[in-house]
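Colleague: Quick one: sequence plus predicted model below, questions after.
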Amino acid sequence: MDELFLNDFKKQFVISIPKDTIFYRARFLDEKDDKRVDKGIGYSKERLYGYNWEESKDPPAQKAKVGRTSREGEVALYLALDEITACSEIKPSIRRLVSVAEFKLMEDVQAIDFLKLQYTKPLDINDEKYNVDARQFL
């Protein structure tokens, strides 16, 4: 699949994301972490403080759960372009507390943009060169 997306049809899927772009990650506040200043949790009259940097980045392998593109124990950092999407992705119940962290790109990066998938040729049929139905795979 790398050859298909990153070589033959790179222009169709690869996008550039500029340095300083902001992304968000949400995670549930665990009740056992309440008031754990070492994890960044605390509150004042004005606001509630969520997890610190160490607790907000990608989970350790032993806590990594099955996700959209990851297997059990495989570490993946899921980020969103806005806070609402980040929170929606973890599907919180009503009144469940969520910590949202902000991430900023330190350099330009390239990524595969799956929103660009309109299943145009060659991805609308079984590709003969690679013998794979890329649409079904994706």
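Modeller: Yep, that arrived.

Colleague: Tell me who's in contact with the residue nearest to Met106 when sequence neighbours are not counted.
Modeller: Leaving aside its chain neighbours, Met106 sits nearest to Lys19 (6.7 Å; criterion: C-beta to C-beta, 6 or more residues apart in numbering). The C-beta positions use only the backbone N, C-alpha and C, and glycine is treated the same way. By C-beta atoms under 8 Å, 6 or more residues apart in numbering, the residues touching Lys19 are 105-108.

Colleague: Lys19 falls within a helix, correct?
Modeller: No - Lys19: not assigned to a helix; according to DSSP: H, G, I helix; E, B strand; the rest coil it is coil.

Colleague: Please report how far it lies from Gln12.
Modeller: Lys19 sits 24 Å away from Gln12, taking C-beta to C-beta, to the nearest Å as the criterion.

Colleague: just to revisit the earlier point, generate TSV for the contacts of Lys19, with secondary structure, neighbour count and distance to Glu89 as supplementary columns.
Modeller: Formatted as TSV, those follow (DSSP: H, G, I helix; E, B strand; the rest coil; neighbours: other C-beta atoms under 10 Å; distance: C-beta to C-beta, whole Å):
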residue	secondary structure	neighbour count	distance to Glu89
Leu105	coil	14	19
Met106	coil	8	23
Glu107	coil	8	25
Asp108	coil	11	25
